[in-house]
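Asks: Below is the structure, and that's it, no one-letter string:
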């Protein structure tokens with residue numbers, strides 16, 4: 001119910017249950033700044049130092065794909081979703097992964113990654129989201145946020161031979177340093193399974209042809 005907040009997804013890593021990742025989507029910088037003044041955020045900020053082992057890493061990004069601020073692409077809330085413990089099992093498989101790319105290859109890598117996102121969403125039935133974000137201050141730092149219907153759908157994606165074309169064209173673009181320890185692959189803690197996880201993209205949006213160029217229209221992620 002916080003104005004300007006589209007998503008606040010919480011992911012728990014399968015291999016390390018003490019590792020969590022967040023994907024927060026806001027309408028604007030102003031909406032994000034407002035979030036940090038809310039009572040629930042201030043309570044969280046006061047509590048979290050007592051339970052975390054390592055300080056969280058926060059990156060302010062813009063959306064490369066889907067390249068739109070159309071509401072249906074981003075909102076997680078489904079008003080018609082039934083509240084029931086059965087839907088709170090966390091049955092999805094979610095990938096939250098930072099990627100470090102050599103700055104001179106950042107633009108080319110982003111183009112290849114967007115094409116891979118389009119392919120995954122249109123050709124893989126179990127791929128619900130394939131969001132690509134870029135750090136506002138460091139173009140060589142990108143983030144993937146992928147949502148699959150379950151572990152089998154994620155395995156189908158990883159083993160898909162169609163990915164070899166993408167890998168062959170981008171393997172040389174990565175930095176030698178990795179950010180793997182900040183990645184998380186696992187279940188959705190929030191929101192529940194029956195909320196809006198799928199990107200609702202029209203064919204026109206899928207092609208990335210409605211990219212917003214106004215800064216105030218860009219999302220903050």
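Replies: Structure's in. What do you need? Quantities reported herein were computed from a predicted structural model and do not represent experimental measurements.
Asks: And the helices in this structure?
Replies: Listed from the start of the chain, the chain has helices (DSSP state H) covering 29-35, 39-47, 71-74, 106-123, 151-158, 163-170, 203-206.
Asks: Report the central residue of this structure.
Replies: In the chain, the residue lying closest to the centroid (CA atoms, centre = their mean) is residue 145, at 2.8 Å.
Asks: What is the burial count for residue 181?
Replies: Residue neighbour count, defined by other CB atoms under 10 Å, stands at 11 for residue 181. Heads up, the C-betas are built off the backbone N, CA and C, glycines and all.
Asks: Show the model's pLDDT score for the nearest residue to residue 142 once chain neighbours are set aside.
Replies: If the residues on either side of it in the chain are set aside, residue 142 comes closest to residue 99, at 4.7 Å by CB to CB, 6 or more residues apart in numbering. Residue 99 carries a pLDDT score of 96 in this model.
Asks: Same question for residue 155.
Replies: In the predicted model, residue 155 carries a pLDDT score of 97.
Asks: OK, contacts around the residue of the chain most remote from its centre?
Replies: Most distant from the centre of the chain: residue 50, at 26.8 Å, with distances by CA atoms, centre = their mean. Residues near residue 50 by CB atoms under 8 Å, 6 or more residues apart in numbering: none.
Asks: Is it correct that the residue nearest to the centre of the chain is in contact with residue 117?
Replies: No: with contact taken as CB atoms under 8 Å, residue 145 and residue 117 are classed as non-touching, separated by 10.3 Å.
Asks: Overlap in contacts, the two.
Replies: Overlap between the neighbourhoods of residue 145 and residue 117 consists of 130-132, taking contacts as CB under 8 Å, 6+ apart.
Asks: roughly how far apart are residue 61 and residue 153?
Replies: Here the distance between residue 61 and residue 153 works out to 25 Å (CB to CB, to the nearest Å).
Asks: and those two? which has more neighbours close in?
Replies: Set side by side, residue 61 and residue 153 show unequal neighbour counts under other CB under 10 Å, the larger going to residue 61 at 22 against 18.
Asks: Now do the buried residues in stretch 77-95.
Replies: For stretch 77-95, the neighbour count (16 or more other CB atoms under 10 Å) marks 90, 92-95 as buried.
Asks: And these, which is closest to residue 175?
Replies: When those are compared for distance to residue 175 (CB to CB), residue 95 comes out closest, at 19.4 Å.
Asks: picking up where we left off before, which ones among the shared contacts of residue 145 and residue 117 are found in strands?
Replies: Here DSSP state E is the test, and the shared contacts of residue 145 and residue 117 give 130-132 as lying in strands.
Asks: any idea which of these is closest to residue 164?
Replies: Sorting these by distance to residue 164 puts residue 130 at the head of the list, at 17.3 Å, by CB to CB.
Asks: Brilliant, that's me finished.
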